[in-house]
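**Student:** Got a predicted structure here, sequence first:
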Amino acid sequence: MEIYLVGGAVRDQLLGIPSYDKDWMVIGSSPQEMLSQGFRAVGQDFPVFLHPKTQEEYALARTERKSGQGYTGFECHYAPDVTLEDDLARRDLTINAIAQSPDGTLHDPYNGEKDLQDRILRHVSPAFSEDPLRVLRVARFAAKLHPFSFTIAPETMQLMKQIVDSGELKYLTAERVWQEWQKSLNTDSPQVFLEILKQCGALAVILPEIDSLFGVPQPERWHPEIDTGIHTLMVAKQAAQLSSDIAVRFAAQVHDLGKAITPKSEWPSHKMHCHTGLKLIKQLCQRLTVPNECRDLALLVCQHHSNIHRTMELKASTVLKLLNQLDAWRKPQRFEQVLLCCLADHQGRLGLESQPYPQKKRMLDYYHSAVSIDVQAIISQGITGKAIREELDKQRTAAIQAMKLLK
């Protein structure tokens, strides 16, 4: 039995970045031998085992043969005679096809270390095109490694386009699509994931709601970048710089979906996009099983971001109505998430990335002035029933108005 550290742990180690998961490959063993040594079997499609002490994953070396459609359409062969090179050959990218012996020796039959040095994402073999999930994985790795200036090899991008043209992407499950998207949202440059999917044509298949934004114009006065798709990428970048919160990053990427269905006769104006986008967000989240926290924040940002941009113009009563709709009293943290998305939207415009956004502080000031009103003091005055809410709203409106006068 020979054991090697493989995949992302080796790659990240060579790049000098943290790696949180370790995957191990086992050569010359069998399921029976692994079980006899105390490993616990967890793999469904191929033999993967958890180490009895570390709980890290150990997989028997295997080869794969395409036998059906989609990323699950493979027959796996595992046996003690499967070699290290055989196993590494089935992996997606050369930088993920490097193995390390316990003594630190690297085994790199496909020149992954050189591609790491040259900052290139390159497929290991033509078998790359057999697995449609690899299109999303390469886009995610491009986002993850964007700070290191990695680029995709032209021949690999060509294979990605061929996979898209083959129609194989439609066999990806919603769960796997969301899993890759979510992982991209955890990177420093999540906008790159969308950019790469757009370049190879996959965005139109995987996320047509976002793909449809490209080519849709906005008023140049407010959006020097004009194109709504470009604006979306810029907002995604700003959101990632402002927050590591997945929900914030997701909401930023989908906040303008309604602009894609604005009638062309109304271009470049999009007066109804805050309302028309709600249905699209709901459909997208249902299709991809997006977590409720992400969906709910995205809906609030879509519906209210234009009003928040107009904070300085709003009447005190309108501000209170907005705070009520955002449920800021019970969910102040989510209220701040909404404001972060609005800040990202504001700064996600060409040449305006550093422009101040006083609306965020102003809305927080209004909130703090209104939330300071003591409802128990109102009740102590003998006010009951529906009149409590009416008096509370009245005093909160007055508090907001007083804050407006201070500005």
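**Tutor:** Yes, it's here.
**Student:** Sketch out the low-pLDDT regions of the chain for me.
**Tutor:** Confidence mapping of the chain against pLDDT under 70 gives the ranges 45, 66-74, 407.
**Student:** packing partners for the top helix by length along it?
**Tutor:** Longest helix of the chain, by residue count under DSSP state H: helix 386-406. Applying 3 or more CB pairs under 8 Å, 6 or more residues apart in numbering; DSSP states H and E, one finds that helix 386-406 makes contact with helix 316-325, helix 358-371, helix 375-380. All C-beta spots, glycine's among them, are computed from the backbone N, C-alpha and C.
**Student:** Now tabulate those helices in CSV and tack on mean neighbour count and distance to residue 233.
**Tutor:** Formatted as CSV, the helices and strands packed on helix 386-406 follow (neighbours: other CB atoms under 10 Å; distance: least, CB to CB, whole Å):
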stretch, mean neighbour count, distance to residue 233
helix 316-325, 18, 28
helix 358-371, 18, 22
helix 375-380, 12, 44
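**Student:** Next, format those helices as CSV and append distance to residue 224.
**Tutor:** Below are the helices and strands packed on helix 386-406 laid out as CSV (distance: least, CB to CB, whole Å):
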stretch, distance to residue 224
helix 316-325, 28
helix 358-371, 19
helix 375-380, 46
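**Student:** Residue 22 is nearest to which of those?
**Tutor:** Residue 22 sits nearest to helix 358-371 of all these, at 41.3 Å, using CB to CB.
**Student:** packing partners for the closest one?
**Tutor:** Counting by 3+ CB pairs under 8 Å, 6+ apart, helix 358-371 packs on helix 292-309, helix 316-325, helix 332-347, helix 386-406.
**Student:** do that again at 6 Å, thanks
**Tutor:** helix 332-347, helix 386-406 (3 or more CB pairs under 6 Å, 6 or more residues apart in numbering; DSSP states H and E).
**Student:** Of these, which is nearest residue 320?
**Tutor:** helix 386-406 (5.1 Å).
**Student:** Also compute the angle for the longest helix of the chain relative to helix 316-325, please.
**Tutor:** 120 degrees (axes from the mean of the first three to the mean of the last three CA atoms, to 10 degrees).
**Student:** rewinding a little: nearest to residue 308, of the helices and strands packed on helix 386-406?
**Tutor:** helix 358-371 (6.0 Å).
**Student:** Distance from the closest one to the middle of the chain?
**Tutor:** 29 Å (CA atoms, centre = their mean, to the nearest Å).
**Student:** and residue 248, how many neighbours does it have?
**Tutor:** 26 (other CB atoms under 10 Å).
**Student:** wouldn't it be in contact with residue 342 here?
**Tutor:** No - counting by CB atoms under 6 Å, residue 248 does not reach residue 342; the two are 10.6 Å apart.
**Student:** For the spatially most central residue of the chain, which residues are in contact?
**Tutor:** By CA atoms, centre = their mean, the chain has its centre lying nearest to residue 185, at 2.6 Å. Going by CB atoms under 6 Å, 6 or more residues apart in numbering, residue 185 touches 246, 249.
**Student:** And it, how far from residue 249?
**Tutor:** 5 Å (CB to CB, to the nearest Å).
**Student:** Next: residue 167.
**Tutor:** Residue 167 is 30 Å from residue 249, by CB to CB.
**Student:** go on, residue 43?
**Tutor:** 32 Å.
**Student:** So for the two, which sits in the more crowded spot?
**Tutor:** residue 249 (26 against 16).
**Student:** Looks like the more buried one contacts residue 239 (just checking).
**Tutor:** Yes - using CB under 6 Å, residue 249 is in contact with residue 239, at 5.0 Å.
**Student:** Quick check: bridge partners of residue 75?
**Tutor:** Beta-bridge pairing for residue 75 (DSSP bridges): residue 65.
**Student:** And it, how far from residue 6?
**Tutor:** 21 Å.
**Student:** the more surrounded of the two?
**Tutor:** Neighbour count, other CB under 10 Å: between residue 75 and residue 6, residue 6 has more, with 24 against 12.
**Student:** From residue 145, how far out is that one?
**Tutor:** For residue 6 relative to residue 145 (CB to CB), the value is 18 Å.
**Student:** Likewise for residue 335?
**Tutor:** 35 Å.
**Student:** the more surrounded of the two?
**Tutor:** residue 145 (23 against 19).
**Student:** Torsion angles phi and psi at the more buried one?
**Tutor:** Residue 145 adopts backbone torsions of phi -100, psi 10, taken as degrees, to the nearest 10.
**Student:** Same check on the one 5 residues further on?
**Tutor:** Here is the backbone geometry of residue 150 (degrees, to the nearest 10): phi -70, psi 150.
**Student:** so who does it touch?
**Tutor:** 119, 121.
**Student:** again with the one 10 residues further on
**Tutor:** Counting by CB under 6 Å, 6+ apart, residue 160 touches 135, 200.
**Student:** Apply 7 Å and report the result again.
**Tutor:** Counting by CB atoms under 7 Å, 6 or more residues apart in numbering, residue 160 makes contact with 135, 138, 200.
**Student:** Dump those residues into CSV; add secondary structure as well.
**Tutor:** Shown next, in CSV, are these (DSSP: H, G, I helix; E, B strand; the rest coil):
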residue, secondary structure
135, helix
138, helix
200, helix
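**Student:** how close does residue 269 get to residue 276?
**Tutor:** Counting by CB to CB, the gap from residue 269 to residue 276 is 13 Å.
**Student:** Cheers, nothing more for now.
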